[in-house]
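*Asks:* Need the 3D shape of this:
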Amino acid sequence: MCGIRAGEGKSTQDPGMPYNRAMSHLDILLPFGLPPPELARDLLRDLKLPALATLMTRAKTAPRRQLFDDFARTLPHEMWLASQFSLPGFGPAATAADRQNSPALACAAMRAMGLGVAEGAWFMLHPAHIHIARDHLVLTDIRQIGLSDAESRELFDAALPLFAEAGRELVYGDAGTWFLRADDWQGLLSSTPDATCGHNIDIWMPKGSGDQAWRKLQNEVQMLWFAHPLNEGREMQGRQTVNSLWLWGGAVAQPPAPGQREVFNLPDGFAGLGQYAKAAHAGVGVSEVIAARPEHGLLTLSQLIQPALTGEWSDWLQQLQTLESTCFAPLLQAMQQRRLDSLSLVVTDSGHTLEMSTTRLSLKKFWLKPTLTGLLPSHSP
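*Replies:* Predicted coordinates:
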């Protein structure tokens with residue numbers, strides 16, 4: 001909960017506002033806002049982000065940078081997001097061993113889609129395209145599949161008998177997400193699709209109790225879909241074929257414990273976290289977030305994830321420049337106009353998080369020239 005902060009007492013209040021009004025704090029998560037080290041200086045040279053630079057440079061304390069394992073099964077922004085809620089394996093009591101698994105999101109995701117889940121252990125399944133490289137297999141970005149609901153249901157119906165034969169319950173969620181029940185796979189370690197994207201899948205494949213059974217079932221689906229008419233048609237159209245399924249997010253059914261945080265625009269695959277929040281909103285603009293005056297809000301800006309995963313750095317630059325005008329400038333103005341009291345900015349790449357907090361009082365450090373150098377890897381403490 002966000003209370004009155006040191007140095008921001010009555011003397012800094014607008015005389016027209018009541019002293020005891022609720023304070024408003026916003027956590028902003030910017031996945032892949034840190035440019036890759038080898039391109040960082042060149043990319044930042046092309047950016048003009050005065051509002052973001054001001055929010056960063058005038059943080060109340062020095063930014064905190066944390067390094068993550070290159071082979072972690074969950075990306076830094078996913079890990080940070082999951083740790084903010086009472087999610088099994090990622091809450092305050094979670095151990096390092098707990099976090100070797102992907103977040104336990106399947107049951108919450110099912111509820112978010114209106115699917116009842118009273119018992120059992122469930123996993124999320126995504127129709128996917130695996131690229132055959134010279135000597136290994138690579139999972140491509142699942143956002144690029146672009147399945148329609150009709151196409152997804154056609155593939156689902158084709159695969160359903162294979163799951164039934166294996167004694168596994170398969171449930172349709174939406175075009176990009178299905179669910180698998182496997183009560184005896186509760187110890188199975190899995191990886192998020194974004195953590196796996198672009199890499200040799202052998203390292204990130206599910207491991208542990210049930211891994212051989214899953215590989216067998218996955219192979220059977222791959223063989224079934226290989227010559228499926230839908231895939232033949234997609235290939236003729238120059239579209240990615242759907243040649244595999246990606247499994248992750250294993251969770252045991254239990255009622256979620258709603259928290260005190262209000263969340264806005266959770267990223268793909270993580271909408272289920274809204275089940276652990278005070279309230280969840282999707283597709284909301286920054287002006288609406290500011291107007292809501294959340295006592296403790298969390299806003300995710302996901303626009304940089306896809307271009308970063310696919311290495312489309314010109315698009316990354318364009319998206320970040322757009323965020324300056326649509327998000328960072330309005331947020332800075334809201335703080336200057338006392339419509340937002342403080343914010344924390346969490347910026348990540350595939351192996352780091354950079355965290356900093358800014359208040360209305362710290363913005364008064366006019367002698368600090370706004371700069372983006374804090375995003376450079378060499379600038380880390």
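
*Asks:* use CA for all of it now, contacts and neighbours both
*Replies:* Fine.

*Asks:* Not counting its neighbours along the chain, what's nearest Val252?
*Replies:* The shortest distance from Val252 to any non-neighbouring residue, by CA to CA, 6 or more residues apart in numbering, is to Ala121 (4.3 Å).

*Asks:* Dihedrals phi and psi, the one you found?
*Replies:* phi -110, psi 130 (degrees, to the nearest 10).

*Asks:* Run a quick neighbour tally on it.
*Replies:* Taking other CA atoms under 10 Å as the criterion, the count of residues near Ala121 is 21.

*Asks:* Trp178 too?
*Replies:* Count around Trp178 with other CA under 10 Å applied: 21.

*Asks:* Averaged pLDDT, stretch 273-288. What do you get?
*Replies:* Taken as a whole, stretch 273-288 has an average pLDDT of 94.

*Asks:* That one: how far from the chain's middle?
*Replies:* 14 Å (CA atoms, centre = their mean, to the nearest Å).

*Asks:* ditto for stretch 281-297
*Replies:* 18 Å.

*Asks:* related to what we said a few turns ago, who's in contact with the residue nearest to Val252?
*Replies:* 181-186, 250-253 (CA atoms under 8 Å, 6 or more residues apart in numbering).

*Asks:* So among those residues, which ones count as buried?
*Replies:* For the contacts of Ala121, a burial check counting by 16 or more other CA atoms under 10 Å picks out 181-183, 185-186, 250-253.

*Asks:* Please narrow those residues to those residing in strands.
*Replies:* The strands, defined by DSSP state E, take in 181, 250-252 from those.

*Asks:* From the residues you listed, pick the one nearest Gln318.
*Replies:* Gly250 (35.5 Å; CA to CA).

*Asks:* For that closest one, which non-adjacent residue is spatially closest?
*Replies:* Nearest to Gly250 is Phe123, by CA to CA, 6+ apart, at 4.3 Å.

*Asks:* Ok, Gln144 next?
*Replies:* Gln240 (7.9 Å).

*Asks:* same question, Arg181
*Replies:* In space, Arg181 is closest to Trp122, 4.4 Å off (CA to CA, 6+ apart).

*Asks:* after the strand or helix carrying that neighbour comes which helix or strand?
*Replies:* Here Trp122, judged by DSSP states H and E, is contained in strand 121-128. For strand 121-128, the succeeding helix or strand toward the C-terminus, using DSSP H and E, is strand 130-132.

*Asks:* Neighbouring strands of that next one in the sheet, and parallel or not?
*Replies:* Next to strand 130-132 in the sheet, as set by DSSP bridges, lie strand 137-139 (antiparallel).

*Asks:* distance between the partner strand and the chain's centre?
*Replies:* 21 Å.

*Asks:* So for the helix or strand just after it, mean pLDDT?
*Replies:* Following strand 137-139 in sequence order, the next helix or strand is helix 149-165 (DSSP H and E). Taken as a whole, helix 149-165 has a mean pLDDT of 98.

*Asks:* Check stretch 369-381 too.
*Replies:* Averaged across stretch 369-381, pLDDT comes to 78.

*Asks:* ok, the residue nearest to Gln144 - how many residues close by?
*Replies:* 19.

*Asks:* Once you drop chain neighbours, what's closest to Glu220?
*Replies:* Nearest to Glu220 is Leu162, by CA to CA, 6+ apart, at 7.5 Å.

*Asks:* Repeat that for Leu75.
*Replies:* Nearest one to Leu75, counting by CA to CA, 6+ apart, is Ala195 at 5.3 Å.

*Asks:* Let me see the ranges of the helices in this structure.
*Replies:* 40-45, 50-57, 76-83, 106-112, 149-165, 193-196, 201-204, 211-226, 229-236, 286-292, 305-310, 313-323, 329-336 (DSSP state H).

*Asks:* residue ranges with poor pLDDT in this structure?
*Replies:* Applying pLDDT under 70 to the chain flags residues 1-21, 89-99, 378-381.
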